[in-house]
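> Structure for the following, please:
(one chain, ligands or ions: 1)
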Amino acid sequence: MACASGVCTSSSSTFKPEQVIVRATRTATTASSSLAPSPRFPRNDSVSCPNRCKLVARSSCRSFHLRPTQSIGREVPANLLRPDVVQKELEKDPVALWRRYIDWLYQHKELGLYLDVSRIGFTDEFVEQMEPKLQAAFRAMEELERGAIANPDEGRMVGHYWLRNSRLAPTSFLLSQIDNTLEAICKFANDVIGAGRFTQVLSVGIGGSALGPQFVAEALAPDNPPLKIRFIDNTDPAGIDHQIAQLGSELASTLIIVISKSGGTPETRNGLLEVQKAFRDAGLDFSKQGVAITQENSLLDNTARIEGWLARFSMFDWVGGRTSEMSAVGLLPAALQGIDIKEMLAGASLMDEATRASVVKNNPAALLALCWYWASDGVGSKDMVVLPYKDSLLLFSRYLQQLVMESLGKEFDLNGNRVNQGLTVYGNKGSTDQHAYIQQLREGVHNFFVTFIEVLRDRPPGHDWELEPGVTCGDYLFGMLQGTRSALYANNRESITVTVQEVNPRSVGALIALYERAVGIYASLVNINAYHQPGVEAGKKAAAEVLALQKRVLAVLNEASCKEPVEPLTVEEIADLCHAPADIEMIFKIVAHVAANDRALIAEGNCGSPKSIKVFLGECNIEELYT
Ligand SMILES: O=P(O)(O)OC[C@H]1O[C@](O)(CO)[C@@H](O)[C@@H]1O
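Residues are numbered from 1 along each chain as shown. As a prediction, the model looks like this:
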């Protein structure tokens, strides 16, 4: 017998009471309208349920049907019930709501994890309708785990599930690659910690090569870790300076871990070059403190090999950046902080087993995917607000933002139809956010659903005390979560609650695995490739074009500034001389940027009226002119 939110559950993985609620929905037929129409459901017809509720049958479709490009959205049959009305009725009948809660409550006994989807208003008909799609999704996941080319665009297998159970890897070569890397990580971390030579880790990486390690560090690092960790995850020079300044003389005892799957991401390369300069300035030998985590033979790998860095760890082609937390990317930084990485892997592996179940009620990832589909009409019409009521889980929403949005935010489906799919994720933590934006969630624009993350254990045993008779600080946190959940529900705002006993390596591993699988299943439900990211290339390409244009602008200015007398140029003249009249706005921005950074470029005039600006270089570089 175990307990979540005060609900004791029986031994089966999902508690099944003898009676199921809202069965009345199946008998619903169209009748006359009795409730005020909601803007999203222009016309509704209410029906009287023979048992207890007055229910409303949907006679019109949800707003997404009006969007011309979103052809694969949920097909809503006329007899499905409006969730907000079901909620209203359930709320009036607490016994029915309680039954819905226990009927749908998922429990993973070994992990001490619960999933409550009772405050998502899906109907039995909807679940029945989704069954074929869910079964297809389960088959797709099975194929993927068996080593199918699940990312057709990049011709790649998708194998993050093998990382926590290498016996599942489709070849013995991959199996030994996984096992050997894990062994090497553990050995390296033990040696480093044992030697006591290093006090800090500075991790340089971005996106999937930073977000997982950041989330796990915030969630699990002990108060006094063997090595403290800091991150450079951007090409912001001031941010980089700040990290290096914070290290101060400890730079000499800092292990620099450079993480990049591709080994060629510009922000990460820049971070590395900046850190290497700091080492040179301090008279330190970077190679004795540098570690690379990247694919074999990438630019980064070759640099590390040629420069003879302290260590190199493999990142595998078949692990995507956003699902790489259980590869060397996440495991090495975690191990160096004294986090039990084998427990993380065990938690993930247990969750992987649970999420292979083909009965939706027994599969928490499928339940999540089902709820997302229901709540966002299968087209991302509502945002997912992730609210962990635990400070250490602050970065979970940021981590999920990439996992969910880079996976699901796609222009085309697998058949080449333009679908512009996605699911927006944001959030920080409760109860802090109650004093920020919950006002809007409760009463404002209704464009979201919430995922509460509840942690049962307030603080380690033996440390609690009552700050007023019978009430602890944690009781307040608990009350805030439950209060917000109820208050939102009372206003038809749907929510999911994931409950864990405590934040530890096992539960964090399980949470990561739960959401990885939910994303995979949801992607199948909406028929998209979750494992590529063609969209990010456009931004990278555009950034490269801006840098190329900047070089041309400086060359033109250099030539004009070498003339006697110096010829200041207007922005229009620069654009003409660059043969880029269409890029005039960008050229103005380049001039303003360079002028603001003491780079020998002088702009006279008023930046508020760009046409007044005249530009020249303070120093002419003859050499550049003739080379
Ligand atoms: O690990 P890398 O190759 O440096 O990539 C970092 C991130 O950049 C992206 O490719 C997006 O640009 C992410 O998918 C990835 O996690």
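> Contact partners for Q289?
Going by C-beta atoms under 8 Å, 6 or more residues apart in numbering, Q289 touches F198, T254, L255, I256, F279, L310. (C-beta placed from N, C-alpha, C; glycine too.)
> how about a cut-off of 10 Å?
Taking C-beta atoms under 10 Å, 6 or more residues apart in numbering as the criterion, Q289 is in contact with 197-198, 202, 251-257, 275, 279, 309-310.
> for the ligand, what are the nearby residues on the stretch 151-300 of the chain?
The stretch 151-300 of the chain comes close to the ligand at residues I206, G207, G208, S209, S260, K261, S262, T265, T268, as judged by C-beta under 6 Å from any ligand atom.
> Check whether the helix or strand hosting Y515 comes near the ligand.
Per DSSP states H and E: Y515 is located in helix 505-525. No. Counting by C-beta under 6 Å from any ligand atom, the ligand has no neighbours in helix 505-525; the shortest distance is 13.5 Å.
> Likewise for stretch 408-421?
No. Against the ligand, stretch 408-421 shows no contacts by C-beta under 6 Å from any ligand atom, the least distance being 11.6 Å.
> Start and end of that stretch, how far apart?
Terminal residues of stretch 408-421 are spaced 6 Å apart (C-alpha to C-alpha, to the nearest Å).
> With stretch 526-545 instead?
34 Å.
> CSV please, covering the residues of the stretch 151-300 of the chain next to the ligand and showing neighbour count.
Below are these laid out as CSV (neighbours: other C-beta atoms under 10 Å):
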residue, neighbour count
I206, 21
G207, 21
G208, 26
S209, 28
S260, 30
K261, 25
S262, 14
T265, 22
T268, 27
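> I'd like to know which of the residues you listed are part of helices.
By the criterion of DSSP state H, membership of those in helices covers T268.
> which of the residues of the stretch 151-300 of the chain next to the ligand lies closest to A542?
T265 (15.6 Å; C-beta to C-beta).
> Remind me what the strand ranked longest in the chain packs against, helices and strands.
For the chain, the longest strand by residue count, based on DSSP state E, is strand 448-455. When contacts are defined as 3 or more C-beta pairs under 10 Å, 6 or more residues apart in numbering; DSSP states H and E, strand 448-455 packs onto strand 113-116, helix 364-375, strand 383-388, helix 396-408, helix 438-443, helix 473-490, strand 495-500, helix 505-525.
> Counting neighbours, which bits of it end up buried?
Buried residues in strand 448-455, counting neighbours by 16 or more other C-beta atoms under 10 Å, are found at F448, F449, V450, T451, F452, I453, E454, V455.
> Could I get those residues in a markdown table, plus columns for pLDDT?
Shown next, in a markdown table, are the buried residues of strand 448-455 (pLDDT from 0 to 100):
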| residue | pLDDT |
| --- | --- |
| F448 | 98 |
| F449 | 98 |
| V450 | 98 |
| T451 | 98 |
| F452 | 98 |
| I453 | 98 |
| E454 | 98 |
| V455 | 98 |
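> which one of these is nearest M586?
Of all the buried residues of strand 448-455, F448 has the smallest distance to M586: 35.6 Å, by C-beta to C-beta.
> what's the neighbour count on the nearest residue to the closest one once chain neighbours are set aside?
Once flanking residues are discounted, F448 sits nearest to D383: 4.4 Å by C-beta to C-beta, 6 or more residues apart in numbering. D383 has 18 neighbouring residues, counting by other C-beta atoms under 10 Å.
> Spit out the contact partners of D383.
By C-beta under 10 Å, 6+ apart, the residues touching D383 are A375, S376, G422, L423, T424, V425, Y426, G427, N447, F448, F449, V450.
> Selecting buried members of those residues in PyMOL, what would you type?
In PyMOL, this line selects whichever of those come out buried by 16+ other C-beta under 10 Å:
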select buried, resi 375+376+422+423+424+425+426+427+448+449+450
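> Just the closest of the contacts of Q289 to the ligand, please.
Closest to the ligand out of the contacts of Q289 is I257 (12.5 Å), distances taken as C-beta to the nearest ligand atom.
> if I read this right, the closest one contacts G330, doesn't it?
No. Counting by C-beta atoms under 10 Å, I257 does not reach G330; the two are 11.2 Å apart.
> Could you tell me which residues touch both of the two?
In contact with both I257 and G330: S209, P213, I293, using C-beta under 10 Å, 6+ apart.
> Which residue is the nearest non-sequential neighbour of the second one?
In other words, P213. Setting aside the residues directly before and after it, P213 is nearest to P333 in space (C-beta to C-beta, 6+ apart), at 4.4 Å.
> Assign the residue nearest to L514 when sequence neighbours are not counted to helix, strand or coil.
By the measure of C-beta to C-beta, 6+ apart, the closest residue to L514 outside its immediate chain neighbours is M351, 5.2 Å from it. Following DSSP: H, G, I helix; E, B strand; the rest coil, the label given to M351 is helix.
> Next up, the contacts around M351.
Counting by C-beta under 10 Å, 6+ apart, M351 makes contact with 108, 110-111, 113, 164, 364-365, 506-507, 509-517.
> Write the PyMOL selection for whichever of the residues you listed are buried.
To isolate the buried members of those in PyMOL, using 16+ other C-beta under 10 Å:
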select buried, resi 108+110+111+113+164+364+365+506+507+509+510+511+512+513+514+515+516+517
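> what comes into contact with stretch 234-244?
202-204, 206, 210, 230-233, 251, 254, 265-271, 273-275, 277-279, 281-282, 543, 597.
> Go again with 7 Å.
Outside stretch 234-244, the residues within contact range by C-beta atoms under 7 Å, 6 or more residues apart in numbering are L202, I206, R230, I232, L251, P266, E267, N270, G271, E274, V275, A278.
> before we move on, the earlier item: how far away is the residue nearest to P213 from the ligand?
Computed as C-beta to the nearest ligand atom, to the nearest Å, the P333 to the ligand distance reads 14 Å.
> Surely that residue is in contact with V204?
No. P333 is not in contact with V204 according to C-beta atoms under 7 Å; the separation is 11.1 Å.
> Around the ligand, which positions in the stretch 501-627 of the chain sit nearby?
Close to the ligand, as judged by C-beta under 6 Å from any ligand atom, the stretch 501-627 of the chain has residues Q533, V536.
> Kindly state the pLDDT recorded for the closest residue to the ligand within the stretch 501-627 of the chain?
When scored by C-beta to the nearest ligand atom, the stretch 501-627 of the chain has V536 as its residue closest to the ligand, at 3.8 Å. Looking at V536, its pLDDT reads 91.
> out of the contacts of stretch 234-244, which are buried?
Buried, going by 16+ other C-beta under 10 Å: L202, I206, R230, I232, L251, E267, N270, G271, E274, V275, A278, out of the contacts of stretch 234-244.
> one step back: among the contacts of Q289, which one is most surrounded by other residues?
In terms of neighbour count, I257 stands highest of those at 27 neighbours, by other C-beta under 10 Å.
> circling back to that earlier point, next, work out how far apart the residue nearest to L514 and L113 are.
Between M351 and L113 the distance is 8 Å, computed by C-beta to C-beta, to the nearest Å.
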